[in-house]
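> The following block contains a protein sequence and its predicted model.
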Amino acid sequence: MKHRQLAGTGTLLRLALRRDRLMMPVWILGVAALVLSLPASLESVYATPAERARVLATMNANGSLRALYGPAFGDSIGALTAWRGGVFAGLLAGVMSLIIVIRHTREEEETGRQELLSAAMVGRRAPLTAALLAALVADALVALLVTAGLAGRGAGGGAGGGAGGALALGLGLGATGMLFASVAAVTAQLTESARSAKGLAGALLGAAFVLRAAGDAGSADGASVLTWISPLGWLEHVRAFAAERWWVLALFAAAFAVQTAAAYALAGRRDLGMSFLAVRPGPAEGRLGGAGALAWRLQRGGLLGWSLGFLVAGGVFGGMADGATELVGDNAKTREIIERMGGAGGPAGLTDAFLATMVGMLGLVAALFIVSAVLRLGAEESGQRAEPVLAHSVGRLRWAAGHLAVAFGGSALILLLGGLGLGLGHGGALGQTVGGALAQLPAVWVIGAVAALLYGVVPGHASAGWAVAGAALTLGWIGPALNLPRAVLDLSPFAHLPRIPGSEALTWAPLLILTALAAALLAAALAALRRRDLAA
């Protein structure tokens, strides 16, 4: 009887991998590249054991740095790699996994495709099993690439800890991804829409990061109870390249087993398309005055979350700025990288360079918001919720304009709040941090306009907008540290922006050119949307 409930799992797995043949490799390579790009950069910056020991002591004494990255448990290049990239790579692996699982469970039910597939010889538990296996494939490839890449650098002068440390970090990242895949499997049963399932799973992932950050901020050795509550805290307690704690991986396995069992139990107790959390039919009062008001109602929750996140992140980054000079000390390589990213020169300008770097990071992350907000159009269309709206007097351009206004206006709001938080956290230069954050807008709008154009021209492949934003994020985050050729860095619109605050004066030409480019792409996107058929 049980094997009948899994009938068709292989076929659904192959279908899932085929559907994700573009998205999944981008995520896998992005997560692996984040980790594998660090050893060479760290080796060039901290070439001697004395330099690494000094920076280790400085980092662990800084509560803001511990909140952001966690404590460092060793001064080898491998241990510093795990410190610098472990938490963020685990965070990205969690996001990748929850997207994969929800995409092939709740999203399939929401669009009605799962009902058609279930009419064939597909077992009741096959869709959930196939989704988890798809996430397992992605996380296993991340673990394999990270392990092979770090182990290939050698135990002595390379990664600094040998194959054991590389395996520990790779398994830790894969286990983190699978744990949040099981979280998504549960939220997909609880909620009625894919967006709600992603929001709930994402909130739990964010809570894990906040718990770990709070625990690490108050404890230099990661011994806080808050750190141990968070799965991201478990990842740092694997202690790759620093006397590995293999038993911590058992915590991931136990949590995965419990959550997966819960997901299967919930899936067996509900009808297809139904959920356990009640869905409100709508507000008891107020009215939707038009397509723009509807778009605002649909996206205001996400915008609120992004706004609060940017305000808090800006405050944390601002609080770290004063310690930038102390952390860098007389290390010329570190100073060079920060100045390359931030654009300031000389000892007096190092703090400004750090602030400019953080402003740039806020802009890169804002690109992810605008892509998600723009692609809400595709979700409304594929979910057949756009057709009833367009059946009345609302035209396509008016309908799309509501969502685009939230996307483009919302990106301005979150950058404003991010710059405000950065200035308040730093305790000064409020005008410069806010101005620098808003100067990121033209590049963010270009990324959003590209996503809109993809949706207007090839709606079936509009998710490639994530790849565009991911490429810009990778070039902006890793490119300067690796000293990539200028021609490669210039592929990102963010490379053409003035770096403020910093040594560069505000120049309007690149801002106006990028704004005009975004407007042209957006006009082309709306023209394409107006001429094509809606998805059936």
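Looks like it came in fine.

> Pull the contacting residues for V468.
V468 makes contacts with 371, 447, 450-451, as judged by Cβ atoms under 8 Å, 6 or more residues apart in numbering. Yep, even glycine has a C-beta here, placed from its N, CA and C like the rest.

> Just the ones of the residues you listed in helices?
With DSSP state H as the criterion, helices contain 371, 447, 450-451 from among the contacts of V468.

> Write a ChimeraX command that selects only the buried members of these.
To isolate the buried members of those in ChimeraX, using 16 or more other Cβ atoms under 10 Å:
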select :371,447,450,451
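
> Determine which two of the ones in helices among the contacts of V468 are furthest apart.
Across the ones in helices among the contacts of V468, no pair lies farther apart than V371 and V450, at 8.7 Å, counting by Cβ to Cβ.

> could you pull out the helices for the stretch 351-500 of the chain?
Using DSSP state H, counting those that start in this stretch, the helices of the stretch 351-500 of the chain run over residues 376-382, 386-390, 396-426, 430-438, 441-457, 464-482, 486-489.

> Could you do the stretch 51-200 of the chain as well?
63-69, 77-103, 106-111, 113-118, 126-151, 162-190, 194-218.

> would you turn the ones you listed into CSV with mean pLDDT and mean neighbour count?
Formatted as CSV, the helices of the stretch 51-200 of the chain follow (pLDDT from 0 to 100; neighbours: other Cβ atoms under 10 Å):
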stretch, mean pLDDT, mean neighbour count
helix 63-69, 74, 20
helix 77-103, 90, 27
helix 106-111, 83, 23
helix 113-118, 74, 15
helix 126-151, 93, 23
helix 162-190, 93, 26
helix 194-218, 85, 20
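
> quick one, which of those is nearest to G431?
Nearest to G431, of the helices of the stretch 51-200 of the chain and by Cβ to Cβ, is helix 63-69 at 22.9 Å.

> Which helix or which strand is home to the closest residue to A214 other than its chain neighbours?
Of all residues not flanking A214 in the chain, L226 sits nearest, at 5.1 Å (Cβ to Cβ, 6 or more residues apart in numbering). Using DSSP states H and E, L226 maps to helix 225-229.

> got the CA coordinates for that helix in PDB?
What follows is helix 225-229 as a C-alpha-only set of coordinates in PDB (Å, rounded to 0.1, in the frame of the first residue of the first chain):
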ATOM      1  CA  VAL A 225      21.400  29.500  24.000                       C
ATOM      2  CA  LEU A 226      20.000  31.600  21.200                       C
ATOM      3  CA  THR A 227      22.800  30.500  18.900                       C
ATOM      4  CA  TRP A 228      22.000  26.800  19.700                       C
ATOM      5  CA  ILE A 229      18.300  27.300  19.000                       C
END
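
> Might you report the residue contacts of P510?
442, 496-498.

> Can you point out the helix or strand that includes it?
Using DSSP H and E, P510 maps to helix 508-531.

> anything in contact with each of V371 and V450?
465, 468.

> Pretty sure G319 sits against G425.
Yes - with contact defined as Cβ atoms under 8 Å, G319 reaches G425; the gap is 4.4 Å.

> burial count for L22?
12 (other Cβ atoms under 10 Å).

> Who are the contact partners of it?
461, 463-464, 467.

> Please convert the helices of the stretch 51-200 of the chain to TSV, extending it with distance to A50.
Formatted as TSV, the helices of the stretch 51-200 of the chain follow (distance: least, Cβ to Cβ, whole Å):
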stretch	distance to A50
helix 63-69	20
helix 77-103	14
helix 106-111	53
helix 113-118	60
helix 126-151	23
helix 162-190	21
helix 194-218	25
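
> Low-confidence stretches in the stretch 351-500 of the chain?
Regions of the stretch 351-500 of the chain meeting the criterion pLDDT under 70 cover residues 479-483.

> can you do 90?
Along the stretch 351-500 of the chain, segments meeting pLDDT under 90 span 351-365, 368, 372, 375-400, 421-437, 458-492, 494-500.

> from what I can see A72 touches T81, true?
No - counting by Cβ under 8 Å, A72 stays clear of T81, with 10.1 Å between them.

> Next SSE downstream of the helix holding L226?
Taking DSSP H and E as the definition, the helix or strand right after helix 225-229 is helix 231-237.

> Can you give the distance from whichever helix or strand comes after that following helix to the centre of its chain?
Downstream of helix 231-237, the first helix or strand assigned by DSSP H and E is helix 248-267. How far helix 248-267 lies from its chain's middle: 23 Å, per Cα atoms, centre = their mean, to the nearest Å.

> If you average the pLDDT over the very next helix or strand once past helix 248-267, what comes out?
Next along the chain after helix 248-267, taking DSSP H and E as the criterion, comes helix 291-321. Per-residue pLDDT values over helix 291-321 give a mean of 83.

> Check which helices and strands helix 291-321 sits against.
helix 63-69, helix 194-218, helix 350-374, helix 376-382, helix 396-426, helix 430-438 (3 or more Cβ pairs under 8 Å, 6 or more residues apart in numbering; DSSP states H and E).
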